[in-house]
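Chemist: No sequence on hand, only this structure:
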């Protein structure tokens, strides 16, 4: 027998048309009534609009997948980036505290300076290099200041079947160009939107909806696929796998030229080290994080088909 709709928890998702938001609509659906809102329905640049929507819906869980993600453009749109990435999460946390809801928010490896080669832990010092990273850190700080029950999931190198990303760009260029040059001295773990959404659903279900809320382990966690690679290694794997699936490429995956980041300057600096230590997340929530290749292969299967 199906439970009555009124007994199901309401889960509100912002940024529902983004890479992660799109997958959350799938992963959270078995847990309750999902209210998925895009930017036209919940304008994160308008704090009053955010408060009005959240107080109207009164969800048991707020999952904020909305964000300003134009890293280079943020250098000249600082106010808008901070409004969406910094102020809005704080407003959500305030309402979550009022309504005794759980807030799940996504942050980024860009809050770190990207120094060294060791994976960053949640306890490591932050030091964002870009306006985007600074705005995401401001969001983390606003959530902490609000005192709500909140989980902040820092992730990196996100790619989904819905929306634009590095994997799709490499696949497109591999079909169009005879040669490619890709940065080889920046490292991280390609992490699919599907993995992020599935882990979110696991946390919400096990630890919040069916767990002891008073003992809920709030705080900041790192969420990324296992393993590591460079952008060059990522591009090579994307095209190698695509070729194995019969995709007609103009460029030889083994012939992609490795270049330093200095050869491809961008308005916003990127961290050289985007490795994230995920032990805290894995041990706290008993979650397995598969190798990044598994996620990328599954993603490419979807894109190619």
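Modeler: Everything's here; your move. Being a predicted model, the structure only gives us computed values, none of them experimental.
Chemist: quick one, what contacts the residue lying closest to residue 180 once chain neighbours are set aside?
Modeler: Closest residue to residue 180 apart from its sequence neighbours, by CB to CB, 6 or more residues apart in numbering: residue 256 at 4.8 Å. In short, each C-beta sits where N, CA and C put it, glycine included. Residues counted as contacts of residue 256 (CB atoms under 8 Å, 6 or more residues apart in numbering) are 179-182, 232, 235-236, 239.
Chemist: Go again with 6 Å.
Modeler: Neighbouring residues of residue 256 by CB atoms under 6 Å, 6 or more residues apart in numbering: 180, 182, 235-236.
Chemist: quick one: residue 36 and residue 198, what's the gap?
Modeler: Residue 36 sits 16 Å away from residue 198, going by CB to CB, to the nearest Å.
Chemist: Those two: which is more packed in?
Modeler: residue 36 (21 against 17; other CB atoms under 10 Å).
Chemist: just checking, next helix/strand downstream of the helix or strand containing the more buried one?
Modeler: According to DSSP states H and E, residue 36 maps onto strand 33-37. Toward the C-terminus, strand 33-37 is succeeded by helix 47-57 as the next helix or strand (DSSP H and E).
Chemist: That following helix - contacts with which helices or strands?
Modeler: When contacts are defined as 3 or more CB pairs under 6 Å, 6 or more residues apart in numbering; DSSP states H and E, helix 47-57 packs onto helix 88-99.
Chemist: Quick check: closest non-adjacent residue to residue 204.
Modeler: Spatial nearest neighbour of residue 204, excluding adjacent residues (CB to CB, 6+ apart): residue 61 at 5.6 Å.
Chemist: count of neighbours near residue 214?
Modeler: 6.
Chemist: Neighbours of residue 209, how many?
Modeler: Neighbour tally, residue 209, other CB under 10 Å: 18.
Chemist: quick one, what contacts it?
Modeler: residue 9.
Chemist: can you check residue 207 too?
Modeler: By CB under 6 Å, 6+ apart, the contact set of residue 207 is residue 216.
Chemist: What is the three-state secondary structure of it?
Modeler: Reduced to three states with DSSP: H, G, I helix; E, B strand; the rest coil, the structure at residue 207 is helix.
Chemist: Show the pLDDT at the residue nearest to residue 204.
Modeler: Note on residue 61: pLDDT of 95.
Chemist: That one pairs with what?
Modeler: residue 11, residue 102 (DSSP bridges).
Chemist: Surely it touches residue 102?
Modeler: Yes. The pair residue 61 / residue 102 is scored as a contact, 4.8 Å apart, by CB atoms under 6 Å.
Chemist: next one: the strand holding residue 36 to chain centre, how far?
Modeler: Distance of strand 33-37 from the chain centroid (CA atoms, centre = their mean, to the nearest Å) equals 18 Å.
Chemist: and residue 106, what are its phi and psi?
Modeler: Main-chain torsions, residue 106, degrees, to the nearest 10: phi -110, psi 130.
Chemist: Not counting sequence-adjacent ones, nearest residue to it?
Modeler: residue 153 (5.4 Å).
Chemist: before we move on, the earlier item: and which of the contacts of residue 256 is nearest to residue 115?
Modeler: Closest approach between the contacts of residue 256 and residue 115, by CB to CB: residue 182, at 22.0 Å.
Chemist: these two touch, right, the closest one and residue 231?
Modeler: Yes. The pair residue 182 and residue 231 passes the contact test of CB under 6 Å, sitting 5.3 Å apart.
Chemist: circling back: pairing partners for the host helix or strand of the residue nearest to residue 106, with directions?
Modeler: In this assignment (DSSP H and E), residue 153 forms part of strand 149-155. Sheet pairing of strand 149-155 (DSSP bridges) gives strand 102-108 (parallel), strand 219-222 (parallel).
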